[in-house]
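[1] Task: produce atomic coordinates for the following.
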Amino acid sequence: MARLTLDLLDGELAVCRLPGEAPPPEWAVGALVSITRAPDELSVVCDATAVPPGVTKESGWRGLAVRGPLDFALIGVLASLAEPLAAADVPVFVVSTYDTDYVLVPGERLDAALEALRDVGHSVAP
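    Predicted coordinates for the structure are as follows:
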C-alpha cells in the first residue's frame with residue numbers, strides 16, 4: 001500500500017444513534033456529515049456542537065480525511081490506517097464515501113494516532 005496523505009478536520013465530531021425508523025435529522029450539519037440507516041438504527045456523524053440534548057451519542061471524535069479521490073481498485077487502504085492505530089491502542093470509527101475514507105479517533109488519543117500514522121510513513125496535514 002502506498003503511503004497516504006491525510007488531512008485533519010477542524011472541530012469535534014459526534015457519533016449518534018437514533019431509532020431505525022427515525023427520519024434524517026435536520027441538526028446533522030458540519031464539514032463531515034454521514035447518515036447511515038440499518039434495520040435497527042440510524043447512525044449520524046456530524047459536528048458535535050449541533051447535537052441536541054437527549055440524543056444518544058459519543059462525542060469527542062476528531063476526523064482524518066484520506067486525500068482522494070481513491071480508486072476503487074486500491075487494496076488495503078483502511079488496513080494501512082487501522083493496523084498502526086490498533087497497535088497504538090487508538091480506537092477508530094470509519095466513514096467511507098464514494099471518493100475517500102474518513103477515520104475518526106478519540107480526541108484524547110489524537111496525538112498518539114498522528115504519531116502512529118506518521119511512524120508508518122503516512123503524512124498528516126494540520
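[2] quick one: low-confidence ranges for the chain?
    Residues of the chain that meet the criterion pLDDT under 70 lie in 1.
[3] need the strands for it, in chain order.
    5-8, 13-19, 34-38, 41-47, 56-66, 93-96, 101-106, 123-125 (DSSP state E).
[4] neighbours of Asp10, just the number please.
    Number of residues near Asp10 (other Cβ atoms under 10 Å) recorded here: 12. To be clear about C-beta, it is placed using only N, CA and C from the backbone, and glycine gets the same treatment.
[5] beta partners of the residue positioned nearest the centre of the chain?
    Nearest to the geometric centre of the chain sits Leu104, at 3.0 Å (Cα atoms, centre = their mean). Beta-bridge partners for Leu104, by DSSP bridges, are Gly63, Phe93.
[6] what's near enough to touch it?
    Applying Cβ atoms under 8 Å, 6 or more residues apart in numbering, we find Leu104 in contact with Leu13, Val15, Val45, Trp61, Arg62, Gly63, Leu64, Val92, Phe93, Val94, Val95.
[7] Of the residues you listed, which pair is most distant in space?
    By the measure Cβ to Cβ, Val15 and Leu64 form the most distant pair in the contacts of Leu104, at 14.6 Å.
[8] of these two, who's got more company?
    More crowded of Val15 and Leu64, by other Cβ under 10 Å: Leu64, with 24 against 20.
[9] So that one versus Ala79, what's the distance?
    15 Å (Cβ to Cβ, to the nearest Å).
[10] Could you do Ser96 as well?
    13 Å.
[11] So for these two, which sits in the more crowded spot?
    When neighbours are counted by other Cβ under 10 Å, Ser96 and Ala79 differ, and Ser96 comes out ahead with 14 against 11.
[12] ok, that one - contacts?
    Tyr102.
[13] Likewise for Ala14?
    Per Cβ under 8 Å, 6+ apart, neighbours of Ala14: Val44, Val45, Cys46, Asp47, Ala48, Val51, Lys57, Glu58, Ser59, Gly60, Trp61.
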